[in-house]
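1. Build the 3D model from these lines:
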Amino acid sequence: MLACNRGSPEVARYLVEIGANVNRQRIDGRTALHECADYGHLESVELLLDHYAYITPDSMGETPLLCASLSGHAHVVEYMISRRELISQEDRIEALELLGATFADKRRDVAIAVMYWEMAMDERRDNDIPVNPEADDPLYTEYFQEVTTPQQLEEIRYSRDAIAIQSMLVRARVLGYTHEATFNDMRRKGEKFASTGDVKQCIVLWMRGLEMQQKALAVLDHRRLFFLTSLTDMFADMVLRYPELGDNNAMYFEDVLRLFENCCREVAISVTDKTPLASHMVYFHYLDRFIPLAMHVLLVLLKINPQLSSAQLLTVKKLVYRLVKLDPRDSTGRTLLHTACGGGFIIRDGSPLVSTFPSLEVVNVLLETGADPCAMDQYRNTPLHMLGLNGECPRGVVDALLSAGGHLDAVNEDGLTFGTLRVFHGEKLHQIVDPVRHTSLQCLAAAVVRKHGIEYKNVVHPRLERFVDMH
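-> Here you go, the predicted model:
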């Protein structure tokens, strides 16, 4: 394999003659034939094929023939497809299509790209092998439509942008959406659309990439994160940094709603999947990312169109309700409500910070759909404690939590209450809220029980026990 990688056909021939296994695979499924095809070493390719090397796919589904096409080694591709006893008709066609995409994108040679695409189209026509498009997504096909005939190809051959889209679509169909080349292609083209003002095209493309990866990739695969994070960042930047755009932003409501559905799906999959091989570190890495993302997208939904119709608001609340019922927790045990009450920012290179949390809008929706205002993280911090730790402590959020059943006198593992934490920020409790109004006889009784060490464990009802524990 090393000899094939470095282009040493004499060494490779010697090893084959003394009995080296030409089909031995690495852990990623690659063989010596993958290596010499990938690096364009035709003599080694001929040697291995003559000694019955298998044209098998690696762990990414990439055959040696596709390796050569993806790397742009036309001489290797043309030789391999000439071995008709080894390569199927459809594989030959896909190799030519992918080779054309490589010349269009990497070599910047549109004339050669069109030549290979026309050869593939002719072979499809002559052998009655149609292009098998994916199930139609009307929104996607409105912007991205692969051409399949020489006439259509002639219409776009002088448009650099259309050729770039064609090569991306070919690459996605042949290699799949989980392949690194497809992923990088969609990422770059989406960024280009966004930078030139074609925001809608970027959204449609990245949403397609996200949803196809959700279907194809295993749970907790890190590649599922990019499109989700990028779309969240894009919408948050548009809506939170430039709220004055108003109606221009509101037109993206359905797109943001679709993104929120995908965020909820990712959280649900992460929480409910029982993958035994997933380490706790990987599991919490995902939830640490997905929970804030979901809350940021929810905030964008509530900000993008302040005058939501009753039907739109109901749709959002149904999604939030299902999310709240799952009770997802991050690596420190924080809930969705903790996140909404904590500090959060959207950061853009070269731009000022945009403060996102604490958010009264998000807190109200979470509380209305059943979020627990007394939930504690592993440090016994409640959502009120998160507000106490913040530099910013909106009184509206404090009132919402207290009205829903939060307790001012709840203590964390350090024995600190919300009021104590605000003192560290130069605020006294009575400056924020009337403590007498929100202190009940039950709270006073619980504080006395804890202060004097009165035994209550396994003595009172479990609900009362939890109530005393909180104080």
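
2. pLDDT of stretch 102-112, averaged?
-> Mean pLDDT, computed over stretch 102-112, is 89.

3. can you tell me the distance between the two ends of that stretch?
-> Using Cα to Cα, to the nearest Å, one end of stretch 102-112 lies 10 Å from the other.

4. in it, what's buried?
-> With burial defined by 16 or more other Cβ atoms under 10 Å, the residues of stretch 102-112 counted as buried are 102, 103, 104, 105, 110, 112. No exception for glycine: its C-beta is placed from N, CA and C like everyone else's.

5. And the longest helix seen in the chain, what does it pack against?
-> In the chain, taking DSSP state H as the definition, the longest helix is helix 280-304. Under the contact definition 3 or more Cβ pairs under 8 Å, 6 or more residues apart in numbering; DSSP states H and E, helix 280-304 sits against helix 225-241, helix 253-272, helix 310-326, helix 336-341, strand 344-346, strand 354-357, helix 360-368.

6. quick one: residue 151 from residue 408, how far?
-> Applying Cβ to Cβ, to the nearest Å, the value for residue 151 to residue 408 is 74 Å.

7. Looking at these two, which is more packed in?
-> Legend: neighbour count by other Cβ atoms under 10 Å for residue 151 and residue 408, higher for residue 408 (21 against 9).

8. circling back to that earlier point, most packed of the helices and strands packed on helix 280-304?
-> By mean neighbour count, with neighbours taken as mean count of other Cβ atoms under 10 Å, helix 336-341 ranks first of the helices and strands packed on helix 280-304 at a mean of 28.

9. ok, and what's touching that helix?
-> 291-292, 294-295, 323-324, 328, 330, 357-359, 362-363, 366-367, 371-373, 375, 377, 381, 383-384, 386-387, 390, 397, 401 (Cβ atoms under 8 Å, 6 or more residues apart in numbering).

10. Please apply the same query to stretch 142-161.
-> So stretch 142-161 is contacted by 110, 114, 117-118, 121-122, 124, 130-131, 133, 162-163, 165-166, 168-170, 173, 200-201, 204-205, 208 (Cβ under 8 Å, 6+ apart).

11. Now which of these would you call buried?
-> 110, 114, 117-118, 121, 124, 131, 162-163, 165-166, 168-170, 173, 200-201, 204-205, 208.

12. taking those one by one, which sit in helices?
-> Short answer: the buried ones among the contacts of stretch 142-161 in helices (DSSP H) are 110, 114, 117-118, 121, 124, 162-163, 165-166, 168-170, 173, 200-201, 204-205, 208.

13. picking up where we left off before, identify whichever of the helices and strands packed on helix 280-304 lies nearest to residue 466.
-> Distance to residue 466, taken as Cβ to Cβ, is lowest for helix 336-341 among the helices and strands packed on helix 280-304, at 17.2 Å.

14. chain center to the helix or strand hosting residue 69: distance?
-> Assigned by DSSP states H and E, residue 69 belongs to helix 64-71. Its chain's C-alpha centre and that of helix 64-71 lie 28 Å apart, by Cα atoms, centre = their mean, to the nearest Å.

15. could I get the helices and strands packed on helix 280-304 as a markdown table with mean pLDDT?
-> A markdown table is the format used below for those (pLDDT from 0 to 100):
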| stretch | mean pLDDT |
| --- | --- |
| helix 225-241 | 85 |
| helix 253-272 | 89 |
| helix 310-326 | 92 |
| helix 336-341 | 94 |
| strand 344-346 | 65 |
| strand 354-357 | 73 |
| helix 360-368 | 95 |
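
16. Dump those to TSV, plus distance to residue 21.
-> Formatted as TSV, these follow (distance: least, Cβ to Cβ, whole Å):
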stretch	distance to residue 21
helix 225-241	38
helix 253-272	40
helix 310-326	50
helix 336-341	54
strand 344-346	54
strand 354-357	57
helix 360-368	59
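
17. mind checking which of the ones you listed is nearest residue 454?
-> Per Cβ to Cβ, nearest to residue 454 of the helices and strands packed on helix 280-304: helix 336-341, 30.2 Å.

18. distance of residue 235 from residue 200?
-> 12 Å.

19. hang on, the earlier thing: wait, which of the buried residues of stretch 102-112 is closest to residue 190?
-> Closest to residue 190, out of all of the buried residues of stretch 102-112 and judged by Cβ to Cβ, is residue 105, at 14.8 Å.

20. Next, residue 91: secondary structure please.
-> helix (DSSP: H, G, I helix; E, B strand; the rest coil).

21. I'd guessed residue 322 sits against residue 264; true?
-> Yes: Residue 322 is within contact range of residue 264, at 6.6 Å (criterion: Cβ atoms under 8 Å).

22. Could I get the pLDDT score of residue 303?
-> Model confidence at residue 303 (pLDDT) stands at 86.

23. mind checking how far the nearest residue to it once chain neighbours are set aside is from residue 296?
-> Spatial nearest neighbour of residue 303, excluding adjacent residues (Cβ to Cβ, 6 or more residues apart in numbering): residue 239 at 5.3 Å. In this view, residue 239 and residue 296 are 10 Å apart by Cβ to Cβ.

24. What of residue 385?
-> 21 Å.

25. Nearest residue to the middle of the chain?
-> residue 225 (2.7 Å; Cα atoms, centre = their mean).

26. so who does that residue touch?
-> 286, 289.

27. do residue 71 as well
-> 37, 38, 39, 40, 102.

28. run the last query once more with 10 Å
-> 37, 38, 39, 40, 77, 99, 102, 106 (Cβ atoms under 10 Å, 6 or more residues apart in numbering).

29. Leaving out chain neighbours, which residue sits closest to residue 334?
-> Here the residue nearest residue 334, using Cβ to Cβ, 6+ apart, is residue 377, at 4.6 Å.

30. and that neighbour, how many neighbours?
-> 20.

31. Now do the same for it: helix, strand or coil?
-> Per three-state DSSP, residue 377 ends up coil.

32. Make sure it is actually in contact with residue 389.
-> No: the criterion here is Cβ atoms under 10 Å, and residue 377 misses it with residue 389 at 11.4 Å.

33. any low-confidence regions in the chain?
-> For the chain, applying pLDDT under 70 flags the ranges 1-7, 9, 12, 14, 133-136, 243-247, 273-282, 345-355, 468, 471.

34. from the chain's centre, how far out does stretch 78-96 sit?
-> The answer for stretch 78-96 is 35 Å, by Cα atoms, centre = their mean.

35. And residue 409, its phi and psi?
-> Dihedral pair for residue 409: phi -100, psi 10, per degrees, to the nearest 10.

36. Equivalent analysis for residue 62, please.
-> Per degrees, to the nearest 10, the backbone of residue 62 is at phi -100, psi 120.

37. Understood, closing this out.
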